[in-house]
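A.B. asks: How does the following fold in three dimensions:
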Amino acid sequence: MPGGRLTQQERQQIALGLADGLAYAEIARGLDRPTSTITREVMRNGGPTAYRADVAHRATGHRAARRSQAARRGMQEPRQAGGRDAGEVLAFEEVFTTVLVQSGMPKMMSRVLVCLIVTDTGTLTASELAQRLQVSPASVSKAIAYLEEQAFIRRERDERRRDRYIVDNDVWYQSMVASARSSAQIVETAEQGVGILGAGTPAATRLENIARFMAFVTENIMRAADQARDVLHTKPDSSGQ
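C.D. replies: Numbering: from 1, shown residues only. As a prediction, this is how the structure comes out:
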């Protein structure tokens, strides 16, 4: 089985396989590569619908250069706690960021959130985020404002009176609550539109259906989130049972 980085030719084969609708496992068999290699390659480079071989090849070179710079600046060591492989951690961050971007979250906001999630303490200052991500403080500030508004993170002052940004175990629950509030506003506004457009008209019926659909889905999502909230605070069973 070949090892090392994917070649440009292999990336072209991946692109052709995706265009033909092949599964990751089938593409992997054709290249004699692990399925996980193909999955990571596609997800960190735009996903199955946006993957481009030449773009992916250039992006890989850029990522390798960034890792080299990070190592030279002494940024690699903090990412190796617990015997972790720094390169694998960076690759995972890129994959996770790509998945969040594909779900609709802006890229810089996704990078900041993932950086906090993979930090054992779950907390960093704005300057620490800027240093780790090698971006400007202004970019971090904008991302933080978005993430706070969406309830993905919270802030608190440390003993040195610095703002620290924290991602809690409840992050996904809190973001769902925030999303539910937004959905409730959509429902309320749509219901107002029914009266304005005239009950029984095609446009009003459309709005009424939107409101009923959103209300039903939101209610069920929040009920499920409340029932499953304890999972976010449960330690995995290390016994393997």
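
A.B. asks: Strands along the protein, start to end?
C.D. replies: Ranges of strands in the chain, per DSSP state E, are 123-125, 154-157, 163-166.

A.B. asks: least reliable of these going by mean pLDDT?
C.D. replies: Confidence, taken as mean pLDDT, is least for strand 154-157 of the strands of the chain (a mean of 88).

A.B. asks: And for that one, what's in contact with it?
C.D. replies: Contact partners of strand 154-157, identified using C-beta atoms under 8 Å, 6 or more residues apart in numbering, comprise 144, 148, 163-166, 168. In this view, the C-beta of every residue, glycine as well, is placed from N, C-alpha and C.

A.B. asks: Using PDB, list the CA coordinates for that strand.
C.D. replies: Extracted as PDB, the C-alpha positions of strand 154-157 are listed here (Å, rounded to 0.1, in the frame of the first residue of the first chain):
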ATOM      1  CA  ARG A 154     -18.800  32.800  26.500                       C
ATOM      2  CA  ARG A 155     -16.300  35.100  28.100                       C
ATOM      3  CA  GLU A 156     -15.000  35.800  31.600                       C
ATOM      4  CA  ARG A 157     -12.200  37.800  33.100                       C
END
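
A.B. asks: Sheet partners, orientation included, of it?
C.D. replies: strand 163-166 (antiparallel) (DSSP bridges).

A.B. asks: per-domain residue ranges of this protein.
C.D. replies: Domain ranges of the chain: 1-73, 92-168, 171-233, per automatic domain parsing.

A.B. asks: most surrounded residue in the contacts of strand 154-157?
C.D. replies: The most crowded member of the contacts of strand 154-157, judged by other C-beta atoms under 10 Å, is Tyr165 (25 neighbours).

A.B. asks: Which residues are in contact with that residue?
C.D. replies: Residues in contact with Tyr165 (C-beta under 8 Å, 6+ apart) are 116, 123-126, 129, 144, 147, 153-155.

A.B. asks: Quick check on those: which are buried?
C.D. replies: Of the members of the contacts of Tyr165, the ones counted as buried by neighbours, 16 or more other C-beta atoms under 10 Å, are 116, 123-126, 129, 144, 147, 153-154.

A.B. asks: Out of these, which comes closest to Gly61?
C.D. replies: Nearest to Gly61 among the buried ones among the contacts of Tyr165 is Leu129, at 25.0 Å by C-beta to C-beta.

A.B. asks: Distance check, that closest one against Tyr165.
C.D. replies: Leu129 sits 7 Å away from Tyr165, going by C-beta to C-beta, to the nearest Å.

A.B. asks: what do you get for Arg111?
C.D. replies: Looking at Arg111 against Tyr165, where the rule is C-beta to C-beta, the gap reads 13 Å.

A.B. asks: and what of Asn209?
C.D. replies: Remark: distance between Asn209 and Tyr165 (C-beta to C-beta) = 40 Å.

A.B. asks: With Gln8 instead?
C.D. replies: Taking C-beta to C-beta as the measure, Gln8 falls 39 Å from Tyr165.

A.B. asks: do Gly47 as well
C.D. replies: Using C-beta to C-beta, we find Gly47 at a distance of 28 Å from Tyr165.

A.B. asks: Ignoring the adjacent residues along the chain, who's closest to Ile26?
C.D. replies: If you look again at residue 26, you'll see it is Glu, not Ile. Closest residue to Glu26 apart from its sequence neighbours, by C-beta to C-beta, 6 or more residues apart in numbering: Gly17 at 7.0 Å.
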